[in-house]
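[1] Provide a 3D model corresponding to the input given below.
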Amino acid sequence: MILFHDIIELLSYRNDTPLTQKQFTTEKQMKRVDTVTATNQYGFKLGFESTTEFKVDALVASAKQSFKASAEFNFSHTDTNTVTNEETVIFKAQEVLAAAGGTTNYFTRVGKAKFSGAFQTDAALAELKLKLPIIKKSGNAHDVVHTEEVTLTAKDIYTLFKNVPYIPLPAYLSFDDNGKKVLVKNVTFDYTGEMGYSTAVQAEFIPFDQNEPKQTMSYEKYETKTQDKSL
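    Residues are numbered from 1 along each chain as shown. Next comes the predicted model:
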């Protein structure tokens, strides 16, 4: 789903001659930001056991075009399950043809698209928050004075399950005795995110003859039409 799209103008050229001309587009650049957030079905914080890489392909459709945008994400065991990638996209200057008999605008479309999906990987219990009662003994009775929230680390969780026999280990968990962690095998993470995208160069041809319609197409198609004079 497209969140927004914009146009980066690369060149506008009016060809008053009877011949096809050659021109150069101007170099432009933009910042592309891709973000993804992964959540698990267990409802508590999990850390990735190893670096998890996956590629996202999103179909970007608009009124005049449809194409695929893609992004690669890399989750490591230290991530908080949200990853942001930033890069500068450069639209380098390139030589283009300019058809006779009109003005040609050269541009690229940029924007953001939403995506979602799921992937599976091994994970470890990374953190667990508990509210524990603080008890005061009064004769033979025990009164709860208040509660305190504590945060257990991965090692704390391992030690708790390992050393307290009356706390059974659920079937979907296992011990990593070397790493002192409790593991969850083949966890399904649902992910949602946004990715930036940009198209190849587009061309809009506006004939001087106002009875002729303007045409917008990929530059490759425009180049072919210019060469065979079919605009």
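[2] would you mind writing the CA trace of stretch 219-229 as PDB?
    Only the C-alpha atoms of stretch 219-229 are listed here, as PDB (Å, rounded to 0.1, in the frame of the first residue of the first chain):
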ATOM      1  CA  TYR A 219      12.300   6.600 -20.500                       C
ATOM      2  CA  GLU A 220      13.100   3.300 -22.300                       C
ATOM      3  CA  LYS A 221       9.800   3.400 -24.200                       C
ATOM      4  CA  TYR A 222      10.200   7.200 -24.900                       C
ATOM      5  CA  GLU A 223      13.600   6.500 -26.300                       C
ATOM      6  CA  THR A 224      12.200   3.900 -28.700                       C
ATOM      7  CA  LYS A 225       9.400   6.100 -29.800                       C
ATOM      8  CA  THR A 226      11.700   9.000 -30.300                       C
ATOM      9  CA  GLN A 227      14.000   6.900 -32.500                       C
ATOM     10  CA  ASP A 228      11.200   5.600 -34.700                       C
ATOM     11  CA  LYS A 229       9.400   9.000 -34.600                       C
END
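[3] Asn15 reaches Lys22, doesn't it?
    No. The criterion here is CB atoms under 8 Å, and Asn15 misses it with Lys22 at 10.5 Å. Any C-beta I mention is one placed from the backbone N, CA and C, and that applies to glycine too.
[4] the two: which is more packed in?
    More neighbours surround Asn15 than the other of Asn15 and Lys22, with 20 against 9 (other CB atoms under 10 Å).
[5] could you give me the buried positions within stretch 22-42?
    Buried residues in stretch 22-42, counted by 16 or more other CB atoms under 10 Å: 25, 28, 32, 34-36, 38, 40.
[6] so in that sheet, which strands flank the strand ranked longest in the chain, and in what orientation?
    Identified as the longest strand of the chain according to DSSP state E is strand 102-138. Strand 102-138 sits in its sheet next to strand 2-15 (antiparallel), strand 45-48 (antiparallel), strand 141-153 (antiparallel), strand 181-198 (antiparallel), strand 202-207 (antiparallel), going by DSSP bridges.
[7] so which of those strands is nearest Tyr106?
    strand 2-15 (4.4 Å; CB to CB).
[8] next SSE after the closest one?
    strand 21-24 (DSSP states H and E).
[9] distance from the chain centre to the helix or strand that that following strand is followed by, please.
    Per DSSP H and E, the first helix or strand lying C-terminal to strand 21-24 is strand 28-40. Distance, stretch centre to chain centre, for strand 28-40: 4 Å (CA atoms, centre = their mean, to the nearest Å).
[10] by contact count, what packs against strand 28-40?
    Using 3 or more CB pairs under 8 Å, 6 or more residues apart in numbering; DSSP states H and E, the elements in contact with strand 28-40 are strand 2-15, strand 66-75, strand 82-91, strand 102-138, strand 181-198.
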